[in-house]
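S.K.: test case, fold it:
(chains A, B, C and D)
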Number of protein chains: 2
Amino acid sequence: MPNSSARLIELLELLQSRRSWTGTELASRLGVSTRTLRNNVAQLRELGFPVTGTTGVAGGYELGAGARMAPLLLEDDEAVAVAVGLRTAANAGIHGIEEASVRALAKLGQVLPEKLRGTVEALQGTIEPLRWGLQRDLVSPEALTVFSQACRDSVQVRFDYVDATGASTQREVEPHTLVPDGRRWYLVAFDPDRMDWRTFRVDRTQRARLARRGFRRRPLPAADAATFVRERLHRQRSSHEVSVRLHTDLATATETFGPAVGELSAEGDTTRLDATVESLEWLALRLAMSAIEFTVIAPEELRTTIADLAARLDRGAAPT
Amino acid sequence: MPNSSARLIELLELLQSRRSWTGTELASRLGVSTRTLRNNVAQLRELGFPVTGTTGVAGGYELGAGARMAPLLLEDDEAVAVAVGLRTAANAGIHGIEEASVRALAKLGQVLPEKLRGTVEALQGTIEPLRWGLQRDLVSPEALTVFSQACRDSVQVRFDYVDATGASTQREVEPHTLVPDGRRWYLVAFDPDRMDWRTFRVDRTQRARLARRGFRRRPLPAADAATFVRERLHRQRSSHEVSVRLHTDLATATETFGPAVGELSAEGDTTRLDATVESLEWLALRLAMSAIEFTVIAPEELRTTIADLAARLDRGAAPT
DNA sequence: ACTATTGCGGCAGTATTCCTTCCTCAATGT
DNA sequence: ACATTGAGGAAGGAATACTGCCGCAATAGT
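M.R.: From the prediction side, this is the model:
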């Protein structure tokens, strides 16, 4: 019974699971003649998958990297690993891929077998909470995927929302875009009950779920969603200009801090760090982690923040 | 020209890219009649993909979660996100999925288009180096994927190795298994030049690449690779039993530290943390991050470690 | 209760493709 | 030079894919 489609998928799976196969191996695995296999390989090539065949005694078929992305055929545990990795990436605040991470997470979540969801949850729990200080506002990947799907499919979403004053309300809105900003996520949506556009902080939503009702996308009263969020926030986020002298050479400093923290410049046999940070506590911890001797140049608030931290540690280390 | 396989893949892609589709929509997208579409859907179901169809005015086709993993059809940016997430997961030391992460990474690396590799590299560079202290021994994902593929396909690998004494040698070995251990990775391999089994620390390898030559797997002189590594290492890793009193309630402590750090128990209106840690510095930083008032109960070394950290911070915060 | 929408499945006919069995040729490493 | 391995053409018979038609069932909204 020649079922070609199933065989093609199986062939792709085989080609992904090992680097190189000979034609006879593949043919016997698939239960067809080698001539049919060659036809199938040609078919894959027509579909855009770059299968290279090398002749000779050490030859065989190999699946190469092509222009388009080939479908990933993952085992169960590999799928779990991808899910965990994506959740981490979505929360890591890596500029430029948060949104793609969430989209991939939504696709994966749609096809992930039920039995594996529990595993993902459990592993996520054992991940060390890499929160800086008491950062409670970690967004849940579930909420992100729900909102992402809702935006994509133009389906209303329902959720409970706790606003800045602490008041809790139930919402049912028409989602427009999910906007990442640093370590925060914002949902831009039209609230038909209030007949107005709103931005919601995703970490303040609860019990997010898809509603049945679809809707027609309305034009956003702004150039794009990101600027809309920025306008709404009034940009009150306080940021601090800081300068720190690091008592080490530029190479070590670069290796320790990487490019994301701030600007590093050599100054004699020390290194100067100039940066704009949102949280002084964060920088204090970063310096604590570094194991590098340092001196605060400015501002005064950083000095007191670090001194407070040091004092708390000293209290903890004091003999009873 | 009815090319059924291509259409099936396209159909799968469509079903993954949106939650719900009506039959007529799908049929017009694919350029076939609705009857043919129904046949194709039936075909997908035969292949094990759980496509649910709901009747009624709000009905349509949906791709659900099945027993087996459906192929992931990713856009370019989503693939990049997956790659970055997996690299992070492989190095995060999450017990139980490191190996699966690396396998998935190898599969992805095989089909990832060339133009995207640069993007992955760049993004990986901007990730904040979440190394604790001056942890230099981060393994490169490239080396991991090379070794993983080599183990899977039974192909020899070549690499340069710097051993504990600092001496550099070139190796060409028959890889057996890749063993994760905490944040380290070990390659268990048979070295035909020396006619003996060796374990290599992956972070000490350089320029790892696949050799052409295949080999027949030899039986490992141990129950499994993990125990083999453990025997070889003499298990010299020092670990510390620590106890800390946290001046907060159990709920807050659990939320802050999660289950991975150690055992938490209520003690009056405070919480006691008992844990076994490999690095006192790590625990000191963890306590610093927590923003919780605490008192060290034992051991004395933890006291001095924290006091040293506090002293360095105090020196840094002192006015010039 | 009624209606519009949407999915499900049978049937039959025609065109197409698929699979196999042959064959020869080309490239590669030993 | 030889064995191994991939590439591809030809031909014929079996299997299927695609379509258009039909009625039926389930669902949501009026």
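S.K.: share the number of residues neighbouring A:T22, please.
M.R.: If you count neighbours by other CB atoms under 10 Å in any protein chain shown, A:T22 ends up with 14. Using the backbone N, CA and C atoms, a C-beta is placed for each residue, glycine as well.
S.K.: I'd say it and A:G56 touch.
M.R.: No: A:T22 is beyond contact range of A:G56, at 10.9 Å (criterion: CB atoms under 8 Å).
S.K.: stretch A:91-99: end-to-end distance?
M.R.: Distance across stretch A:91-99, first residue to last, is 10 Å (CA to CA, to the nearest Å).
S.K.: close to chain B, is stretch A:285-301?
M.R.: Yes: on the criterion CB under 8 Å from any CB of the partner chain, stretch A:285-301 is in touch with chain B at A:L285, A:L287, A:A288, A:M289, A:S290, A:A291, A:E293, A:F294, A:T295, A:V296, A:I297.
S.K.: check whether stretch A:23-40 contacts DNA strand D.
M.R.: Yes: Stretch A:23-40 reaches DNA strand D (CB under 7 Å from any atom of the strand) through A:G23, A:T24, A:T34, A:R35, A:R38.
S.K.: before we move on, what about stretch A:62-79?
M.R.: No: judged by CB under 7 Å from any atom of the strand, stretch A:62-79 stays clear of DNA strand D, getting no closer than 9.4 Å.
S.K.: for DNA strand C, what are the nearby residues on the stretch 101-250 of chain A?
M.R.: Counting by CB under 7 Å from any atom of the strand, no residue of the stretch 101-250 of chain A is near DNA strand C.
S.K.: run through the stretch 101-250 of chain A and note the low-pLDDT ranges.
M.R.: A:125-138, A:182-183, A:234-238 (pLDDT under 70).
S.K.: which residue is the nearest non-sequential neighbour of A:L44?
M.R.: Leaving aside its chain neighbours, A:L44 sits nearest to A:V51 (5.3 Å; criterion: CB to CB, 6 or more residues apart in numbering or on different chains).
S.K.: re the thing from before, nearest to B:L8, of the residues of stretch A:23-40 next to DNA strand D?
M.R.: The nearest member of the residues of stretch A:23-40 next to DNA strand D to B:L8, counting by CB to CB, is A:R38 at 21.0 Å.
S.K.: doesn't A:G23 make contact with the closest one?
M.R.: Yes: if you go by CB under 8 Å, A:R38 and A:G23 touch, sitting 6.9 Å apart.
S.K.: and A:R303, that one's in a helix?
M.R.: Yes: according to DSSP: H, G, I helix; E, B strand; the rest coil, the state of A:R303 is that of a helix.
S.K.: burial count for it?
M.R.: Using other CB under 10 Å, A:R303 has 18 neighbouring residues.
S.K.: and the one 3 residues further on, by the same measure?
M.R.: The burial metric for A:I306, expressed as a neighbour count using other CB under 10 Å, is 28.
S.K.: in contact with it, which residues?
M.R.: When contacts are counted by CB atoms under 8 Å, 6 or more residues apart in numbering or on different chains, A:I306 touches A:A284, A:L287, A:V296, B:L313, B:D314, B:G316, B:A317.
S.K.: and for the fifth one, nearest residue in space, chain neighbours not counted?
M.R.: In space, and not counting its chain neighbours, B:D314 is closest to A:A310: 4.6 Å by CB to CB, 6+ apart.
S.K.: next one: phi and psi at the one you found?
M.R.: phi -60, psi -40 (degrees, to the nearest 10).
S.K.: what residues does the stretch 151-300 of chain A have near DNA strand D?
M.R.: A:R212, A:R213.
S.K.: just give me the neighbour total for the closest residue to DNA strand C within the stretch 151-300 of chain A.
M.R.: DNA strand C sits closest to A:G214 of the stretch 151-300 of chain A, with a gap of 10.7 Å, by CB to the nearest atom of the strand. Applying other CB under 10 Å, we find 13 residues neighbouring A:G214.
S.K.: what do you get for A:D224?
M.R.: Neighbour count of A:D224, defined by other CB under 10 Å: 11.
S.K.: how about the spatially most central residue of chain A, secondary structure?
M.R.: Nearest residue to the geometric centre of chain A (CA atoms, centre = their mean): A:A90, 2.0 Å. Of the three states, A:A90 takes helix under three-state DSSP.
S.K.: ramachandran coordinates for A:S279?
M.R.: Per-residue torsions, A:S279: phi -130, psi 120 (degrees, to the nearest 10).
S.K.: I should have written A:A266 there, sorry.
M.R.: Phi and psi for A:A266, reported as degrees, to the nearest 10, are phi -70, psi 140.
S.K.: which residues touch the closest residue in space to it that isn't next to it in sequence?
M.R.: Spatially, and ignoring its direct neighbours in sequence, A:A266 is nearest to A:L250 (4.3 Å; CB to CB, 6+ apart). Applying CB under 8 Å, 6+ apart to A:L250 gives the contacts A:L264, A:S265, A:A266, A:T271.
S.K.: surely the last one is within a strand?
M.R.: Yes: counting by three-state DSSP, A:T271 falls inside a strand.
S.K.: where does A:E231 land in three-state SS?
M.R.: A:E231 - assigned by three-state DSSP - is helix.
S.K.: that one reaches A:P221, doesn't it?
M.R.: No: counting by CB under 8 Å, A:E231 does not reach A:P221; the two are 9.8 Å apart.
S.K.: show me which of the two is the more surrounded one.
M.R.: Comparing A:E231 with A:P221 by other CB under 10 Å, the one with more neighbours is A:E231, at 13 against 10.
S.K.: buried ones in stretch A:29-46, by neighbour count?
M.R.: Going by neighbour count (16 or more other CB atoms under 10 Å in any protein chain shown), the buried part of stretch A:29-46 is A:L30, A:V32, A:L37, A:N40, A:V41, A:Q43, A:L44.
S.K.: thanks a lot, see you next time.
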